[in-house]
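> Here is my input, please return the structure:
(chains A and B)
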Amino acid sequence: MDNDRIDQIINKHQGAASSLIQVLLEIQSEHHWLPREVLQRISEKLQVPLARILHIVTFYKAFSLVPKGQHQVHVCVGTACHVRGASRIIDSLQTLIGIKPGETDLELKYSFETVNCLGCCALGPVLEIDGKTHGKMTPVGVADVLKNYE
Amino acid sequence: MTRINSPADLEKFRQGILSSRDSDKLCITLCSGSACQASGSGEVAASLEAEIEKQGLSSKVEIRKTGCHGFCERGPIIVIHPDETCYLQIEPVDIPEIISQTIKEKQVIERLLYSDPVTGKKIVHESEIPFYKNQERLVFGNNLKIDPKSIEDYLAIGGYAALTKALSEMTGEQVLEEVKKSNLRGRGGGGFPAGIKWEGARNAPDATKYVIVNADEGDPGAYMDRSLLEGNPHSILEGLTLGAYAIGAHEGYIYVRQEYPLAVDNVNKAIKTAEELGFLGKNILGSGFDFTIKVHQGAGAFVCGESSALMTALEGRVGEPRPKYIRSNIKGLWDKPSVLNNVETWANVTLIINKGANWFRQYGTEGSRGTKIFSLVGKITNTGLVEVPMGMTLRDIIFKIGGGIPNHKKFKAVQTGGPSGGCIPEELLDLGVDFDALSQAGSMMGSGGMIVLDEDTCMVDVARYFIEFLTDESCGKCVPCREGLRQMLKILTNITIGKGKEGDIELLEELSETAKEAALCALGQSAPNPFLSTLRYFRDEYEAHIKEKRCPALSCKELIAFYIDPEKCQGCGTCLKKCPTDAIIGGKKMIHIVDQEKCTKCGTCFEVCPTKFSAVTKISGVPVPPPVPEEERTVVKKSKEKQ
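Coordinates of the predicted model:
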């Protein structure tokens, strides 16, 4: 991500230090992760110490300090999905793609995360890949869904 | 769009919208809330638009993409007006038939209607479906009628009338008095009377004040605030503006989770059109009152739903709570008096000013007036959002509206109030739901999550689940929460994996008491509730786990084994084919055996075993019987045996 684009985003938020989180969110959603150079640029432009920025990006779940995989795999672990067997979906995914929740594989193919309630409880347990929802999942169904992302 | 500068202008504008609309014109409303979109309402909409175009009906039929209707179990939902014909679980392939049959020929398509599970009777009209019929949809009802992206739709159903009334006929103090009189209590969890909170802020000496919408709905299993914000954003803006007028604020914030992209979009669009028309901005409706609203997206932290943490997050910092020696209505956002209420509370304000406190007070119970939206999820037939008057019994909500437990399972408990709430057992099903009754039962109202649990749910695991959630979400500022919850999680996890020991329950109780007394904010103080309430009503389950290493619900993976009953197995091979870890030994017409070493207890064999055999069983607390010797594994058909 180049400095011009970062400056553009900062200017959109009138360069106010209180809009730090909004700036970071916008960069995260465009770039999918926050490299150190980007954070340094924000620190200079908004006059916020880098330490405080790092405090924020490690506190909130939306930010990532490492690159993300090509496919974002999310398993809902909201209460409704949990009682309908979300942990079995996680076990099954772990076997199939070989990484644990919170990890990205070495080929940068999948990033695997658990999320707290996607709000489509009628479809639980829910698996979401790249924003597409796959409802009423079973351990066997997971393998079928993953085939579309091979 | 031209700015509206007076109540008279607004009335003229409203009449203009109404007269341009023909109530007999065919209108297809399609639920396009997030839950329905997950079930494919986007594809349905595209195919609907294409088909109408193709059949040359564009001028005769209107398509309206509304917010969430609430009956998520049966989404995507289509309602055809003016007849109110309701079709459920629509797929794009159904569209051509709907257009040619229902729209052109006025024929109802039987197979797409709701069919009563008991009588089998087909129901044509949405409002007659039992799920809807037994509700009181004061706040949520308008979601069905309007396109959230259209301010005209909102004005057509009488939108911004409350604001007009307040600005032209009432003083700020009178608005405050009306809300106080209604005894509206905060819908976000605490149940604190909104009017009293507002009064504190109004009387605070500082000239700069803020009003804030808490749309950081983080409770897993609760999504009513999202559906309101997505489906009827103007009603929230109107309520917030009324609150600002009442306390004398000129700036407002909406703190909404970034995980709710559709809500963020719709509310941003709503603010923009409201500004263009003059419902926000300077000199609103010619009254001299100025008010602006900004949207702030939350970056994913459950604790930011707590008022003081939310305000620090709004300031662009890490969302950690602060001790509340001084309440936030005196010193809140940027140390100014700030009123924070949740989405549903603000939506109620609009209704109260519109129809009066006396009207509002006729709903609900003495201490809890009005209605409450619950998200009814979990092991329930009709998953969805339900709005009922306070005081309705749990039994009515779960069985009359929710349709009971699916698959002929037995009801065990209902978990209310999110991670800070508790579980209510079957004996208390006749409890009328309101703020005080739920607290007395050891749970709480919370934001309105209602997760139904059946006999297959392990209560120790439920407690462990919530403590795990809260341990993960604890901000780490105070010790009782950061360290105490971590220890509680360790002990509870040990119990569910068969490593529980005598004294664990007592230790958990001690840790609970410390967190309750000493944690800094509501997250930590209420964190032990899931444990304490399950212990209160389901102590026997804890003891079975600890003493017998048995999970009575047959749910805890480490304490159960899958076993194929040799008497029942017919050697069909279904489980053998489906097992993902090749843990099943068998062959054609051979009794199948589970290799306990290889089994990962995923439960696939249990699910796929044909119901006519039901040979796969779960056992807990007893050793797995030894496998049948190899030479005796041939399946002998009972019918042949007799010959």
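> And the most centrally placed residue in chain A, how far from chain B?
Residue closest to the mean C-alpha point of chain A, counted by C-alpha atoms, centre = their mean, is residue A:62 at 6.0 Å. Distance of residue A:62 to chain B, given as C-beta to the nearest C-beta, to the nearest Å: 4 Å. Where C-beta positions appear, they are placed from N, C-alpha and C, glycine not excepted.
> got the phi/psi numbers for that residue?
Torsion angles at residue A:62 (phi, psi; degrees, to the nearest 10) stand at phi -70, psi -20.
> wait, what's in contact with it?
The neighbours of residue A:62, taking C-beta atoms under 8 Å, 6 or more residues apart in numbering or on different chains as the test, are A:25, A:28, B:258, B:299, B:300.
> how about a cut-off of 10 Å?
Counting by C-beta atoms under 10 Å, 6 or more residues apart in numbering or on different chains, residue A:62 touches A:21, A:24-25, A:28-29, B:257-259, B:297-301.
> Among these, which one sits closest to residue A:141?
For those, the residue nearest residue A:141 by C-beta to C-beta is residue B:259; the value is 23.9 Å.
> So which residue is dead centre in chain B?
residue B:222 (2.6 Å).
> quick one: secondary structure of that one?
The local conformation at residue B:222, judged by DSSP: H, G, I helix; E, B strand; the rest coil, is coil.
> Which pLDDT does the model give it?
For residue B:222, the pLDDT comes out at 89.
> is it true that residue A:23 lies in a helix?
Yes: under three-state DSSP, residue A:23 falls within a helix.
> tell me the domain ranges of chain A?
Per the record, chain A has its domains at A:3-59, A:71-147, by automatic domain parsing.
> Can you lay out those domains as JSON lines showing distance to residue B:495?
Shown next, in JSON lines, are those (distance: least, C-beta to C-beta, whole Å):
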{"stretch": "domain A:3-59", "distance to residue B:495": "31"}
{"stretch": "domain A:71-147", "distance to residue B:495": "16"}
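> Turn these into CSV, columns for mean neighbour count.
Output for the domains of chain A, formatted as CSV (neighbours: other C-beta atoms under 10 Å in any protein chain shown):
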stretch, mean neighbour count
domain A:3-59, 16
domain A:71-147, 20
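> Out of those domains, which is closest to residue B:398?
Here domain A:71-147 is closest among those (C-beta to C-beta), at 14.1 Å.
> so how far does the closest one reach from one end to the other?
End-to-end span of domain A:71-147 (C-alpha to C-alpha, to the nearest Å): 13 Å.
> tell me the contacts of the nearest residue to residue B:394 once chain neighbours are set aside?
In space, and not counting its chain neighbours, residue B:394 is closest to residue B:429: 5.0 Å by C-beta to C-beta, 6 or more residues apart in numbering or on different chains. Neighbouring residues of residue B:429 by C-beta under 10 Å, 6+ apart: B:393, B:394, B:395, B:396, B:397, B:398, B:399, B:411, B:413, B:414.
> these two touch, right, the third one and residue B:426?
Yes: under the criterion of C-beta atoms under 10 Å, residue B:395 makes contact with residue B:426 at 9.4 Å.
> residues bridging contact with these two, i.e. touching both?
Common contact partners of residue B:395 and residue B:426 (C-beta under 10 Å, 6+ apart): B:411, B:414.
> Look up the pLDDT of residue B:38 for me, please.
If you check residue B:38, the pLDDT there is 87.
> So which residues of chain A form helices?
With DSSP state H as the criterion, chain A has helices at A:3-12, A:20-31, A:36-46, A:50-59, A:79-83, A:86-97, A:139-147.
> do the fifth one and chain B meet at all?
Yes: Helix A:79-83 lies in contact with chain B when judged by C-beta under 10 Å from any C-beta of the partner chain; the contacting residues are A:79, A:80, A:81, A:82, A:83.
> and residue 85, what does it touch?
No chain specified, so I'll use chain A. A:91, A:124, A:125, A:137, A:138, A:139, B:456, B:555, B:602, B:603, B:607.
> Chain B is the one I meant
B:28, B:78-79, B:98, B:102-103, B:106-109, B:112-113, B:124-126.
> out of these, who has the most neighbours?
In terms of neighbours by other C-beta atoms under 10 Å in any protein chain shown, these top out with residue B:78 at 27 neighbours.
> How about the backbone phi and psi for it?
phi -120, psi 130.
> Please tell me how far it sits from residue B:105.
In this view, residue B:78 and residue B:105 are 16 Å apart by C-beta to C-beta, to the nearest Å.
> now residue B:284
Residue B:284 is 49 Å from residue B:105, where distance means C-beta to C-beta.
> What of residue B:464?
57 Å.
> So which of those two has more stuff around it?
Set residue B:464 next to residue B:105 and count neighbours by other C-beta under 10 Å: residue B:464 wins out with 24 against 9.
> Tell me which residue in the stretch 451-600 of chain B sits closest to chain A.
Nearest residue of the stretch 451-600 of chain B to chain A (C-beta to the nearest C-beta) works out as residue B:451 at 4.7 Å.
> For that residue, give the beta-bridge partners.
Listed beta-bridge partners, residue B:451: residue B:377, residue B:415 (assigned using DSSP bridges).
> ok, it - contacts?
Contacts for residue B:451 were tallied using C-beta under 10 Å, 6+ apart; they are A:78-80, A:82-83, A:121, B:219-222, B:375-380, B:413-418, B:421, B:423, B:457, B:462.
> for residue B:492, same thing?
Under the criterion of C-beta under 10 Å, 6+ apart, the neighbours of residue B:492 are B:460-461, B:463-468, B:500, B:504, B:508, B:530-531, B:542, B:545.
> Pull the helix or strand harbouring it out as PDB, backbone CA atoms only.
Using DSSP states H and E, residue B:492 falls within helix B:479-496. Output of helix B:479-496 as PDB, limited to C-alpha atoms (Å, rounded to 0.1, in the frame of the first residue of the first chain):
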ATOM      1  CA  VAL B 479      -7.200  -8.900  38.100                       C
ATOM      2  CA  PRO B 480     -10.400 -10.700  39.300                       C
ATOM      3  CA  CYS B 481     -11.600 -10.800  35.700                       C
ATOM      4  CA  ARG B 482      -8.300 -11.400  33.900                       C
ATOM      5  CA  GLU B 483      -6.900 -14.000  36.200                       C
ATOM      6  CA  GLY B 484     -10.100 -15.300  37.900                       C
ATOM      7  CA  LEU B 485     -11.900 -16.200  34.700                       C
ATOM      8  CA  ARG B 486      -8.800 -17.900  33.300                       C
ATOM      9  CA  GLN B 487      -8.700 -20.100  36.400                       C
ATOM     10  CA  MET B 488     -12.400 -20.800  36.200                       C
ATOM     11  CA  LEU B 489     -12.000 -21.800  32.500                       C
ATOM     12  CA  LYS B 490      -9.200 -24.200  33.400                       C
ATOM     13  CA  ILE B 491     -11.200 -25.900  36.100                       C
ATOM     14  CA  LEU B 492     -14.400 -26.100  33.900                       C
ATOM     15  CA  THR B 493     -12.400 -27.500  31.000                       C
ATOM     16  CA  ASN B 494     -10.900 -30.100  33.200                       C
ATOM     17  CA  ILE B 495     -14.300 -31.100  34.400                       C
ATOM     18  CA  THR B 496     -15.600 -31.600  30.800                       C
END
